[in-house]
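[1] Okay, structure incoming, though there's no sequence with it:
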């Protein structure tokens with residue numbers, strides 16, 4: 001199969017490369033672009049380890065062909081850091097509240113949680129549990145992940161109020 005020229009924005013940077021149209025976005029990110037935050041998990045869209053933000057929506061990059069991502073704006077966990085390279089509030093809350101153990105699911109969890117907080121800046125615990133249901137973790141039991149997301153929402157909202 002012939003390769004196509006792929007051009008998209010990843011973490012705010014215009015990138016391009018060659019890939020077969022049937023190449024999955026997760027493989028293009030990891031193998032062609034060396035963006036290794038999103039992980040290859042189940043490759044069936046069940047685990048969420050490969051979750052990225054694409055054009056303002058959470059997507060599981062193991063279900064998107066690179067041809068479908070042509071021209072898209074993709075954000076991975078690496079793109080969520082602050083401009084100075086420090087951890088974002090959400091990333092810091094995952095660290096502070098022990099919302100990770102082995103870390104395999106963490107990039108997908110944080111990327112999905114980022115979009116969840118964009119969609120609902122003041123979620124309840126039930127909102128968080130429902131919104132994160134497509135991301136699986138085998139280590140934590142989710143309690144600290146939920147605490148981390150709720151703490152991030154509180155911190156982000158407090159920062160917004162202080163700035164107003």
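    Okay, I see it. Quick caveat, the model's predicted, so the values are computed rather than measured.
[2] got any ranges where this protein has weak pLDDT?
    Applying pLDDT under 70 to the chain flags no residue at all.
[3] Can you give me the domain boundaries for it?
    The chain breaks down by automatic domain parsing into domains covering 4-76, 89-163.
[4] Now mean neighbour count and distance to residue 82 too, for those, in a markdown table please.
    Heads up, the C-betas are built off the backbone N, CA and C, glycines and all. As requested, those are exported to a markdown table (neighbours: other Cβ atoms under 10 Å; distance: least, Cβ to Cβ, whole Å):
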| stretch | mean neighbour count | distance to residue 82 |
| --- | --- | --- |
| domain 4-76 | 18 | 13 |
| domain 89-163 | 18 | 9 |
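[5] Need these in CSV (columns: distance to residue 83).
    Below are those laid out as CSV (distance: least, Cβ to Cβ, whole Å):
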stretch, distance to residue 83
domain 4-76, 10
domain 89-163, 13
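[6] quick one: which helix or strand includes the residue sitting nearest the centre point of the chain?
    Nearest to the mean C-alpha position of the chain, by Cα atoms, centre = their mean, lies residue 111 at 2.2 Å. Secondary structure assigned from DSSP states H and E places residue 111 in helix 106-119.
[7] Please name every helix or strand in contact with that helix.
    strand 51-54, strand 57-60, helix 89-96, helix 125-131, helix 143-163 (3 or more Cβ pairs under 8 Å, 6 or more residues apart in numbering; DSSP states H and E).
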